[in-house]
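Q: sequence isn't available, so here's the structure alone:
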């Protein structure tokens, strides 16, 4: 899913290959952080009930 999203924003030039890798890494990191927070919130919500 995240790969499909970054593929849409990918620049067509070969010179931007390094920038694309950094962009993909950044998005992947944010994606993982988002899911970690979501999991923690869900676990806390379940424990409260």
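A: In hand now; what should we look at? Just so it is clear, the structure is predicted and the values come from calculations on it, not from any experiment. Residues are numbered from 1 along each chain as shown.
Q: quickly find the element holding residue 47.
A: Assignment of secondary structure by DSSP states H and E places residue 47 within helix 17-48.
Q: ok, residue 45 to residue 39 distance?
A: Per Cβ to Cβ, to the nearest Å, residue 45 is found 11 Å from residue 39. Every C-beta, even on glycine, is put in place using the N, C-alpha and C of the backbone.
Q: what is the helix holding residue 47 packed up against?
A: Applying 3 or more Cβ pairs under 8 Å, 6 or more residues apart in numbering; DSSP states H and E, we find helix 17-48 packed against helix 2-9.
Q: show me where pLDDT drops low in this structure?
A: In the prediction, the chain carries residues with pLDDT under 70 at positions 1-16, 49.
Q: on that earlier part again, any residues in contact with both of residue 45 and residue 39?
A: Shared contacts of residue 45 and residue 39, defined by Cβ atoms under 8 Å, 6 or more residues apart in numbering, are absent.
Q: look up how far residue 35 lies from residue 45.
A: 15 Å.
Q: wait, residue 26
A: Using Cβ to Cβ, residue 26 is found at 15 Å from residue 35.
Q: again, but for residue 20
A: For residue 20 relative to residue 35 (Cβ to Cβ), the value is 22 Å.
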